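Trainee: 3D model of this:
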Amino acid sequence: MTGLDAEIEWISRLVAFDTSSGRSNLPLIDDVEDWLTTLGARCRRVPSPDGTKANLYAVVGPDRPGGILLSGHSDVVPVTGQAWDSDPWTTTLKDGRLYGRGTCDMKGFCGTALSLVPEFLAAPLMRPLILALSYDEEIGCVGAPAMIEEITASVPRPAAVIVGEPTMMRVVSGHKGSAQFRTTVTGIPAHSSETEQGVSAVEIAARLIAGIAEIRSSNKRRAPADSPFSPPYSSLISNLIQGGVQQNIIAGECTFRWEMRLLPGDDVATVREPFDAFAREIEAEMRLVGPEAAIETVQVTSVPPLAPRENDEAVELARALTGANELNVVSYASEAGQFQQAGFPTAICGPGSIEQAHKANEFVALDQIERCAAFIRKLIPRLI
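Mentor: Coordinates of the predicted model:
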């Protein structure tokens with residue numbers, strides 16, 4: 001291990017903070033802000049509405065337009081129920097891989113960027129490097145919009161945004177959008193032997209979830225032949241459900257969560273309409289038993305896609321720094337779409353593979369960190 005000591009130290013420092021969804025990220029933000037402020041960076045927090053979490057962005061160099069913004073999220077997915085071979089909150093180096101929760105997604109990128117701040121401060125920058133750390137990306141990119149709004153209002157406009165999600169350091173110019181929903185079925189409770197006197201909310205939810213699967217199949221049949229995404233259509237799926245209180249009581253309520261992954265250009269309302277039409281039909285059937293029966297769907301989150309664009313400054317910058325000619329798209333959503341929606345040229349390029357994210361024994365390979373550090377260092381002459 002030569003030349004990566006500072007990067008590994010910072011990645012390990014970030015991993016040691018348990019910033020799982022549902023926990024505060026403030027201890028991590030405190031540590032990073034204190035260090036950056038000591039070095040002379042100009043930091044600003046953008047807290048969550050309840051004050052338990054915060055975004056942080058820092059300007060390194062002069063307050064001038066044309067800088068470059070590096071963006072990453074501070075939160076990670078929980079380790080609950082996962083069988084780790086090592087402590088997920090302590091990095092373990094083995095066979096050229098750095099293991100730990102978030103090493104890949106995406107404290108590897110954030111730690112590498114932070115480790116290189118002294119090099120940027122030592123250079124005669126004419127334009128700034130801007131570092132942005134968000135909260136609650138993993139639960140629907142909730143934190144970043146307020147930070148992006150603050151950056152738009154208070155920071156001279158950067159020329160490009162690079163979001164360091166794991167891409168194996170390949171340049172990604174597009175990703176799908178996402179939308180998450182919560183559907184609550186209000187049934188009619190009764191004794192389970194009196195099936196015609198009640199409406200099982202669990203059974204209705206099962207029909208609706210089967211309908212979601214059918215809509216996905218229909219979209220698959222109509223997938224554009226030239227779509228670069230995998231899968232090549234707007235997908236829908238349900239993965240969480242809760243309902244009923246006892247086996248011999250017809251369930252009075254059931255709630256399930258479902259999501260869409262939308263192709264750029266597809267509209268949430270249009271993709272959702274077949275589900276809403278199916279729900280209206282079923283609700284009418286339910287109300288033949290009792291008027292209190294109902295189906296209600298609430299949209300919980302919405303993340304815009306990153307739409308591939310010709311001659312995007314951030315994409316061209318990332319291609320120049322990596323030496324890559326090809327462009328890639330991914331099916332996961334990220335904060336990149338939010339930056340693009342705010343008018344910033346945006347690309348994704350970061351260390352590690354998304355295949356390692358969210359799993360037990362998450363890791364990032366050291367050669368990926370080395371490539372990431374080289375990528376970020378190449379920004380220095382572009383800011384002088």
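Trainee: what stretches of the stretch 1-150 of the chain score poorly on pLDDT?
Mentor: For the stretch 1-150 of the chain, residues meeting the criterion pLDDT under 70 lie at 1-2.
Trainee: what is whichever helix in the chain runs longest packed up against?
Mentor: Longest helix in the chain, counting residues (DSSP state H): helix 201-221. Secondary-structure packing of helix 201-221 (3 or more Cβ pairs under 8 Å, 6 or more residues apart in numbering; DSSP states H and E): strand 177-186, strand 235-243, strand 253-262, helix 268-286. For the C-beta atoms, the positions are set from N, CA and C on the backbone; glycine is no exception.
Trainee: any idea how far the next helix-or-strand element following the longest one is from the chain center?
Mentor: Read that as helix 268-286. Using DSSP states H and E, the helix or strand that follows helix 268-286 towards the C-terminus is strand 294-303. For strand 294-303, the separation from the chain centroid amounts to 19 Å (computed by Cα atoms, centre = their mean, to the nearest Å).
Trainee: following strand 294-303, which helix or strand shows up next?
Mentor: helix 313-322.
Trainee: residues of that following helix that come out buried?
Mentor: For helix 313-322, the neighbour count (16 or more other Cβ atoms under 10 Å) marks 313-319, 321-322 as buried.
Trainee: got the CA positions of that helix in CSV?
Mentor: Extracted C-alpha coordinates of helix 313-322, given in CSV (Å, rounded to 0.1, in the frame of the first residue of the first chain):
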residue,chain,number,x,y,z
GLU,A,313,-19.7,20.0,-20.0
ALA,A,314,-19.5,17.6,-17.1
VAL,A,315,-19.6,14.6,-19.3
GLU,A,316,-16.9,15.9,-21.6
LEU,A,317,-14.8,16.8,-18.5
ALA,A,318,-15.2,13.3,-17.1
ARG,A,319,-14.3,11.7,-20.4
ALA,A,320,-11.2,13.9,-20.7
LEU,A,321,-10.1,13.0,-17.2
THR,A,322,-10.6,9.2,-17.7
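Trainee: ok, Gln299 - contacts?
Mentor: 179-181, 268 (Cβ atoms under 8 Å, 6 or more residues apart in numbering).
Trainee: among the residues you listed, which ones are buried?
Mentor: Here, 16+ other Cβ under 10 Å leaves 179-181, 268 buried among these.
Trainee: now the helices and strands packed on helix 201-221 in TSV, with mean pLDDT?
Mentor: Listed next are the helices and strands packed on helix 201-221 as TSV, based on pLDDT from 0 to 100:
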stretch	mean pLDDT
strand 177-186	97
strand 235-243	97
strand 253-262	97
helix 268-286	97
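Trainee: returning to that earlier point: out of the buried ones among the contacts of Gln299, which comes closest to Ala210?
Mentor: Nearest to Ala210 among the buried ones among the contacts of Gln299, counting by Cβ to Cβ, is Phe181 at 15.9 Å.
Trainee: quick check: the closest one touching Thr255?
Mentor: No. With contact defined as Cβ atoms under 8 Å, Phe181 does not count as touching Thr255 (10.8 Å).
Trainee: one step back: list the buried residues for the longest helix of the chain?
Mentor: 201-206, 208-209, 211-212, 215-216, 219.
Trainee: what mean pLDDT does it have?
Mentor: For helix 201-221, mean pLDDT is 98.
Trainee: contacts for that helix next, please.
Mentor: 183, 185-187, 231, 233-238, 241, 243-244, 251-256, 258, 271, 274-275, 278-279, 282, 286, 295.
Trainee: show me the two of the buried residues of helix 313-322 that sit farthest apart.
Mentor: Glu313 and Thr322 (15.1 Å).
Trainee: backbone torsions only: list them for Glu7.
Mentor: phi -60, psi -50 (degrees, to the nearest 10).
Trainee: what does Pro49 give?
Mentor: phi -60, psi -30.
Trainee: neighbours of it, how many?
Mentor: By other Cβ atoms under 10 Å, 7 other residues sit near Pro49.
Trainee: now it: how far from Val142?
Mentor: 10 Å (Cβ to Cβ, to the nearest Å).
Trainee: over to Ile130?
Mentor: 21 Å.
Trainee: over to Ala159?
Mentor: In terms of Cβ to Cβ, Ala159 sits 27 Å off from Val142.
Trainee: buried residues in stretch 108-120?
Mentor: 108-117, 119-120.
Trainee: likewise for stretch 15-23?
Mentor: Quick answer for stretch 15-23 (16+ other Cβ under 10 Å): 15-21.
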